[in-house]
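Q: Got a predicted structure plus its sequence, pasted below:
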Amino acid sequence: MTNPIADPGHGHSPAAWTAVVIMLVGFTAGTVAFCFEQPTLVWISSALIPIGAIVGWALAKAGYGVKGPKYSPKAH
């Protein structure tokens with residue numbers, strides 16, 4: 001049986017939130033551009049999705065991830 005107190009904390013860090021927000025903006029902008037038949041904007045906004053993943057990874061490596069020294073967990 002797993003320990004219910006040992007929460008991995010995934011998704012509750014500045015690195016995770018920043019990555020997700022960037023990727024959501026890219027996905028939303030791409031969807032709107034697709035609806036308005038703007039293929040150039042679709043491709044530009046689709047480039048934000050891997051950029052968001054890279055930014056999240058870089059922030060986690062910089063210490064803003066769940067187990068990073070610059071992260072302070074919040075009580076729920």
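A: Noted; the coordinates are in hand.
Q: Outside of the one helix or strand residue 27 maps to itself, list whatever touches it.
A: Assigned by DSSP states H and E, residue 27 belongs to helix 14-35. Applying CB atoms under 8 Å, 6 or more residues apart in numbering, the contact partners of helix 14-35 are 10-11, 39, 41-42, 45-49, 51-53, 55-57, 59-60, 62, 64-66, 68, 71. In this view, the C-beta of every residue, glycine as well, is placed from N, C-alpha and C.
Q: So, low pLDDT: which residues of the chain?
A: 1-10, 75-76 (pLDDT under 70).
Q: what's the residue closest to the geometric middle of it?
A: residue 19 (1.9 Å; CA atoms, centre = their mean).
Q: which residue sits closest to that residue, ignoring its sequence neighbours?
A: residue 56 (2.6 Å; CB to CB, 6 or more residues apart in numbering).
Q: ok and whichever helix or strand the one you found is part of relative to helix 14-35, angle-wise?
A: Element membership of residue 56 [criterion: DSSP H and E] is helix 48-59. On the basis of axes from the mean of the first three to the mean of the last three CA atoms, to 10 degrees, helix 48-59 is oriented at 170 degrees to helix 14-35.
Q: Spit out the contact partners of residue 74.
A: Counting by CB under 8 Å, 6+ apart, residue 74 touches residue 12.
Q: helix or strand for it, which one?
A: Of the helices and strands defined by DSSP H and E, none includes residue 74.
Q: how near is it to residue 43?
A: 37 Å (CB to CB, to the nearest Å).
Q: Over to residue 63?
A: 33 Å.
Q: ditto for residue 59
A: Note on residue 59: its distance to residue 43, by CB to CB, is 25 Å.
Q: Please say which of the two ends up with more neighbours.
A: Remark: of residue 59 and residue 43, residue 59 carries more neighbours, 21 against 11, as counted by other CB atoms under 10 Å.
Q: neighbours around residue 54, how many?
A: Residue 54, neighbours per other CB under 10 Å, totals 11.
Q: before we move on, what about the one 3 residues further on?
A: The tally of other residues near residue 57 (other CB under 10 Å) stands at 13.
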